[in-house]
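Colleague: let me see the structure of the following:
(one chain, ligands or ions: 1)
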Amino acid sequence: MTYKNYSTEQLRAIDNAHHLHPFTDHKDLRQAGTRVIARADGPFVYDTEGNEILDGMAGLWCVNAGYGREELVEAATAQMRELPYYNAFFRCTTPTPTLLAQKLAEIAPDHINQVFYGSSGSEANDTALRLVRHYWALEGKPEKNIIISRDWAYHGSTVAATSLGGMAAMREQLYGAVPNIRHVMCPYAFELANPGESDHDFGLRAAKAVEDAILEAGPENVAAFIGEPIQGAGGVKIPPESYWPEIQRICDKHDVLLMLDEVITGYGRTGEWFAAQSMNIKPDTITTAKGLTSGYQPLSALLVGDRIASTLVEKGGEFYHGYTYSGHPVACAVALKNLEIIEREGLIGRVRDETGPYLHEALQAGLGDHPMVGEIRTFGLLAAIEVVKDRDTRERFQPEGSAPVVIRDHAIANGLMMRAVMDTMIMSPPLIWTKETIDMAVDRIRKAFDTAEKELRQGRR
Ligand code: PMP
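Modeller: Okay, here's the model as predicted:
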């Protein structure tokens, strides 16, 4: 029996009866009902009612190579036939995680040569948190264990990852965070820059907040700073160019490790394999997941720099940490093939030289003059549009976050999947998008803004 034996209504009813969804208000979901996405191909997803939707979010920022890749199906099938599972505990390994680790060391920045696997970005960040604290303990400085993070950071949903994160609503539901994690302002110039303050100066000020936190805690007590190169789920907040070099300087000066969370930005999205390369950052750890397999299998890889790795090896002692699926052979087989596809098709260079710049131009041309657009930001194939009621004063629609939801609903009705985060519309499409796909998307966004504007200004929504 397949799902095709069920009507959409039946699937919805079963879903309502049994399925608790991630990040969902279930009372609201019971009333609104679910959209059942049943298949996908190339840049499109299809629901059970036959709607074709251009996927502007690459699933959840992950389907970098696009849908319908037979080669990935074959890689998974062949590996399942040969060895569906074996673990990497007890002095064992299997071939695919080994070869994938070699490949990751090749594409990562030069000083990064080791990999620790998990199944999700959250798990990888848990690993990263434990690893940096373990590193300092091995170095004889167990008191150096405070982590500095930022408001609006998203690092995942496990208790440790939520503790690292800076989303107020999530933190309220922690009911007890992992201790010794502190948060500072994020580099979100659109809302936080002072009147007349240049982007450059704002970037330095936002970085100084990190240094202030380090000094307040005492550098001898601070293990690491963690940040997404571009805050994704927090609203595609792209920092000013002055920010990351200053963060690097501050971390180096105070001997604080630099942890980058590239779960979204990794594997080509910024026009290089990693944003660390696009932005010239030298991190001690890089958390990656999502685009590693283009979402075809759950897999994360924490890339570990030589400084931490050599201490682990030289000092020895067991690192009491790992998951049943660390180095899952099928997920790693899919990742290897996925990286091969990204490389063979030159998707990263295309993002850097062609589609990335074109996305910016097309959004500016299509929406730059829209009365409800306060700012358009892009970096590679990541985009954000700030939604305002008044372009000049940057006044927002009330209540907070209400207008983008209206735009999003119209975008989906027009055949484009986009996401609304507070007062920002965001996009993170598959790297296979061409200029034509971008034109199609921008046309649909413009229409969604126009329809939403009529409704919002007339108070109909
Ligand atoms: N870090 C970042 C930057 C993310 O965007 C996400 C997921 N959106 C995660 C971590 C968590 O990844 P996962 O959902 O696979 O646990």
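Colleague: from here on, just use CA atoms for contacts and neighbour counts.
Modeller: Fine.
Colleague: neighbours of the closest residue to Ile438 other than its chain neighbours, just the number please.
Modeller: Leaving aside its sequence neighbours, Ile438 sits nearest to Leu359 (Cα to Cα, 6 or more residues apart in numbering; 6.3 Å). Leu359 is flanked by 26 other residues according to other Cα atoms under 10 Å.
Colleague: for the one helix or strand Leu359 maps to, buried residues please.
Modeller: Following DSSP states H and E, one finds Leu359 within helix 356-367. Buried residues in helix 356-367, counted by 16 or more other Cα atoms under 10 Å: 356-360, 362-364, 366-367.
Colleague: turn those residues into JSON lines, columns for pLDDT and distance to Phe116.
Modeller: Converted to JSON lines, those look like this (pLDDT from 0 to 100; distance: Cα to Cα, whole Å):
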{"residue": "Gly356", "pLDDT": "98", "distance to Phe116": "30"}
{"residue": "Pro357", "pLDDT": "98", "distance to Phe116": "34"}
{"residue": "Tyr358", "pLDDT": "98", "distance to Phe116": "36"}
{"residue": "Leu359", "pLDDT": "98", "distance to Phe116": "34"}
{"residue": "His360", "pLDDT": "98", "distance to Phe116": "35"}
{"residue": "Ala362", "pLDDT": "98", "distance to Phe116": "39"}
{"residue": "Leu363", "pLDDT": "98", "distance to Phe116": "38"}
{"residue": "Gln364", "pLDDT": "98", "distance to Phe116": "41"}
{"residue": "Gly366", "pLDDT": "98", "distance to Phe116": "43"}
{"residue": "Leu367", "pLDDT": "98", "distance to Phe116": "43"}
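Colleague: now flag whichever of those residues is closest to the ligand.
Modeller: Nearest to the ligand, judged by Cα to the nearest ligand atom, of these is Gly356 at 19.6 Å.
Colleague: correct me, but that closest one touches Leu381?
Modeller: Yes. Under the criterion of Cα atoms under 8 Å, Gly356 is in contact with Leu381, at a separation of 5.3 Å.
Colleague: identify the contacts common to those two.
Modeller: Residues touching both Gly356 and Leu381 (Cα atoms under 8 Å, 6 or more residues apart in numbering): Gly271.
Colleague: before we move on, the earlier item: of the buried residues of helix 356-367, closest to Lys454?
Modeller: Leu367 (15.6 Å; Cα to Cα).
Colleague: OK, contacts around whichever residue of the stretch 201-350 of the chain sits closest to the ligand?
Modeller: Proximity of the stretch 201-350 of the chain to the ligand (Cα to the nearest ligand atom) peaks at Val263, 4.7 Å away. Each residue near Val263 by Cα under 8 Å, 6+ apart is listed here: 121, 287-291.
Colleague: if you set the cut-off to 10 Å instead, what comes out?
Modeller: 61-62, 120-122, 124-125, 154-156, 228-229, 232, 274, 286-292, 300-302 (Cα atoms under 10 Å, 6 or more residues apart in numbering).
Colleague: filter those down to the ones near the ligand?
Modeller: With Cα under 6 Å from any ligand atom as the criterion, those include 120-122, 154-156, 228, 232 near the ligand.
Colleague: now the residue most central in space within the chain. Nearest residue, chain neighbours left out?
Modeller: Centroid-nearest residue in the chain: Ile264, 2.7 Å away (criterion: Cα atoms, centre = their mean). Counting by Cα to Cα, 6+ apart, the nearest residue to Ile264 once its immediate chain neighbours are dropped is Trp61, at 6.1 Å.
Colleague: and that neighbour, what's its pLDDT?
Modeller: Trp61 is assigned a pLDDT of 98 by the prediction.
Colleague: report how many residues lie close to it.
Modeller: Using other Cα under 10 Å, Trp61 has 23 other residues around it.
Colleague: now do the one 4 residues further on
Modeller: Burial measure for Ala65: 29 neighbouring residues, criterion other Cα under 10 Å.
Colleague: tell me who's in contact with it.
Modeller: Ala65 makes contact with 42-43, 58, 267-268, 291-296, 338-339, 341-342, 345, 347, 429-433, according to Cα under 10 Å, 6+ apart.
Colleague: buried among these? Need that as a selection in ChimeraX.
Modeller: In ChimeraX, a selection of the buried entries from the contacts of Ala65 looks like this (16+ other Cα under 10 Å):
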select :42,43,58,267,268,291,292,293,294,295,296,338,339,341,342,347,429,430,431,432,433
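Colleague: got the angle between the longest helix seen in the chain and helix 356-367?
Modeller: Longest helix in the chain by number of residues (criterion: DSSP state H): helix 435-457. Between the axes of helix 435-457 and helix 356-367, defined by axes from the mean of the first three to the mean of the last three Cα atoms, to 10 degrees, the angle is 30 degrees.
Colleague: which parts of the stretch 201-350 of the chain sit against the ligand?
Modeller: Residues of the stretch 201-350 of the chain found near the ligand (Cα under 6 Å from any ligand atom) are 228, 232-233, 261-264.
Colleague: just to revisit the earlier point, would you confirm that the residue nearest to Ile438 contacts Ala384?
Modeller: No. Taking contacts as Cα atoms under 10 Å, Leu359 lies outside contact range of Ala384: 11.0 Å.
Colleague: where exactly do the helices run in the stretch 151-300 of the chain?
Modeller: For the stretch 151-300 of the chain, the helices defined by DSSP state H, counting those that start in this stretch cover 159-164, 168-172, 189-192, 199-217, 243-253, 275-278.
Colleague: quick one: closest of the ones you listed to Ile376.
Modeller: Closest to Ile376 of the helices of the stretch 151-300 of the chain is helix 189-192 (Cα to Cα; 10.2 Å).
Colleague: what's that closest one packed up against?
Modeller: Applying 3 or more Cα pairs under 10 Å, 6 or more residues apart in numbering; DSSP states H and E, we find helix 189-192 packed against helix 199-217.
Colleague: helices or strands next to the helix it packs on in the packing?
Modeller: strand 146-150, strand 181-184, helix 189-192, strand 222-227, helix 243-253.
Colleague: among those, which is the most enclosed?
Modeller: strand 222-227 (a mean of 27; mean count of other Cα atoms under 10 Å).
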